[in-house]
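**Q** Provided below are the primary sequence and the corresponding predicted coordinates.
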Amino acid sequence: MTGVRLHFDDGDLLAQDAIRSVVRQTYGAAQPTDRRVADRFYAPDELLGLPAEAANMALGVGNPVHHAGLRPGQDVVDLGSGGGIDCLLAGRVVGPSGAVVGVDFLPDMVGRATAAAAEAGLDNVQFVEGPIEALPLPDESYDVVISNGVVNLSPRKARVFAEAFRVLRPGGRLAIVDLILEHDLPPEIQTHPAAWAGCLSGALSEIALYKSVRRAGFREVSIEPLEPFGIPECALYPLFGDELLALLRARLPVERHNRIAMSVLVSARKPAGDERLAGRARE
Ligand SMILES: C[S@@+](CC[C@H](N)C(=O)[O-])C[C@H]1O[C@@H](n2cnc3c(N)ncnc32)[C@H](O)[C@@H]1O
């Protein structure tokens, strides 16, 4: 077949630099707002006692800690930790015998989140600067990898899942909340920079997401629908802007206004050592 290739063979996009720079610029300029995103996705008792800035900086699309089944003593990584809300919640659950590390490629985000962890008095939560496609973390050292509305922003999702696999201990688990697309977006929305930064344009179909996680080596992969994500949800985030919201209203059929995408929980498990050997012998 001839024509322009948009993807590498593993599904990663070719236009990586452009996407990365839109995402960096958008989140580099993001400022704390009111708590509307936090109030939408977290229960009042979860938000109780959190530093105001962490709640006001919530920019995810769900609540991964609510679904992750974390236990005291576990070691957790959060991919794209932003203002740190999920790390703080995870830090409360895993307690002093566990640890949480949030990774974000923006130094300002790392600074904000570190200040929030200090304000919350959570010594077991720390933040490091780095790309989620090349985590600055050791191999096989964590029990659970969480993430909230971030993998969609990466043009190299296959690398992200490979890195999550690398840092997990055998038997470790993935619990990621993100968006999937059930139908293609019209081209003028798909290519809109704010739609990229807002997690819509980078969303995969359910089957593409499943294959990408599975190809990284994970097993027991499940993609569970959580709730529809429509124009009312997009409007919660200042980064969407009036122009993109108007474009969504104008270009999408009315029946999609409340369901542009679907938020999902991606769960998976890294096989234990003996299972991996058995799997390789079968292949
Ligand atoms: C949509 S916000 C979500 C933040 C946080 N998870 C939350 O729920 O509030 C995306 C965050 O991921 C970070 N990010 C995006 N792409 C990244 C990448 N490739 N590597 C590291 N961080 C990234 C951004 O800097 C931003 O802080």
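**A** Good, I have the coordinates.
**Q** now do the buried residues in the longest strand along the chain.
**A** Looking across the chain with DSSP state E, the single longest strand is strand 168-180. Under the neighbour-count criterion of 16 or more other CB atoms under 10 Å, strand 168-180 has Leu168, Arg169, Gly172, Arg173, Leu174, Ala175, Ile176, Val177, Asp178, Leu179, Ile180 buried. Bear in mind the C-beta positions are built from the backbone N, C-alpha and C, glycine included.
**Q** which positions in the stretch 101-250 of the chain make contact with the ligand?
**A** Asp104, Phe105, Leu106, Met109, Pro131, Ile132, Glu133, Asn148, Gly149, Val150, Leu153, Ser154 (CB under 6 Å from any ligand atom).
**Q** could these be laid out in a markdown table, adding pLDDT, secondary structure and neighbour count?
**A** Putting these into a markdown table (pLDDT from 0 to 100; DSSP: H, G, I helix; E, B strand; the rest coil; neighbours: other CB atoms under 10 Å) gives the following:
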| residue | pLDDT | secondary structure | neighbour count |
| --- | --- | --- | --- |
| Asp104 | 98 | strand | 27 |
| Phe105 | 97 | coil | 18 |
| Leu106 | 97 | coil | 17 |
| Met109 | 97 | helix | 24 |
| Pro131 | 97 | coil | 18 |
| Ile132 | 98 | coil | 26 |
| Glu133 | 97 | coil | 20 |
| Asn148 | 98 | strand | 26 |
| Gly149 | 97 | coil | 26 |
| Val150 | 97 | coil | 27 |
| Leu153 | 94 | helix | 25 |
| Ser154 | 94 | coil | 23 |
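**Q** now do the contacts for the closest residue to the ligand within the stretch 151-283 of the chain.
**A** Proximity to the ligand, evaluated over the stretch 151-283 of the chain using CB to the nearest ligand atom, is greatest for Leu153 at 4.3 Å. By CB atoms under 8 Å, 6 or more residues apart in numbering, the contact list for Leu153 reads Ile19, Val23, Gly80, Trp196, Ala197, Cys199, Gly202.
**Q** try 7 Å this time
**A** Each residue near Leu153 by CB atoms under 7 Å, 6 or more residues apart in numbering is listed here: Val23, Cys199, Gly202.
**Q** tell me which element the first one falls in.
**A** Just to be clear, that refers to Val23. helix 16-29 (DSSP states H and E).
**Q** ok now that helix, how far from the chain's centre?
**A** Put simply, helix 16-29 sits 15 Å off its chain's centre (CA atoms, centre = their mean, to the nearest Å).
**Q** same question for stretch 242-251.
**A** The answer for stretch 242-251 is 24 Å, by CA atoms, centre = their mean.
**Q** residues touching it, excluding its own?
**A** With contacts defined as CB under 7 Å, 6+ apart, stretch 242-251 is touched by Pro186, Glu188, Ile189, His192, Ala194, Ala195, Ile231, Cys234, Ala235, His257, Ile260.
**Q** try stretch 99-110
**A** For stretch 99-110, the external contacting residues (CB under 7 Å, 6+ apart) are 24, 27-28, 75-84, 87, 90-91, 94, 113, 124-132, 135, 137.
**Q** hey, where'd the strands end up in the chain?
**A** Applying DSSP E to the chain gives strands spanning 75-79, 99-104, 125-129, 142-148, 168-180, 219-229, 261-269.
**Q** that'll do, ta.
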